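Chemist: sequence? don't have it. structure:
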């Protein structure tokens, strides 16, 4: 019976490690892309809400309050504290 070559075992381990690292990198990239898309969507929605509130607000104070609330909501959405 021939012993398996030590090189074959280390090559397989290296291949598996590289595969794991690539998988983690891909998962991280996909997660970050999804997060970026969600953040942008939340920011867009908050901006639209602030614009709508500002156009319909009867006073500058109400407009400022609406804008502050929309900014806070976008910040919370972007940081995941929803």
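Modeler: Arrived safely. Note that the structure is predicted; figures quoted are calculated from it, not measured.
Chemist: Where is the longest helix in this protein?
Modeler: Identified as the longest helix of the chain according to DSSP state H is helix 6-56.
Chemist: Show me what that helix packs onto, helices and strands only.
Modeler: Under the contact criterion of 3 or more Cβ pairs under 8 Å, 6 or more residues apart in numbering; DSSP states H and E, the helices and strands touching helix 6-56 comprise helix 60-79. Using the backbone N, CA and C atoms, a C-beta is placed for each residue, glycine as well.
Chemist: how many degrees apart are the helix it packs on and helix 6-56 in direction?
Modeler: 170 degrees (axes from the mean of the first three to the mean of the last three Cα atoms, to 10 degrees).
Chemist: begin at 762 from here
Modeler: Yes, from this point I'll number from 762; that puts the last item at helix 821-840.
Chemist: now helix 821-840, how far from the centre of its chain.
Modeler: Taking the mean C-alpha point of helix 821-840 and that of its whole chain, the gap between them comes to 20 Å (Cα atoms, centre = their mean, to the nearest Å).
Chemist: Please identify the buried residues of it?
Modeler: Along helix 821-840, the positions that meet the burial threshold by neighbour count (16 or more other Cβ atoms under 10 Å) are 824, 827-828, 831, 834-835, 838-839.
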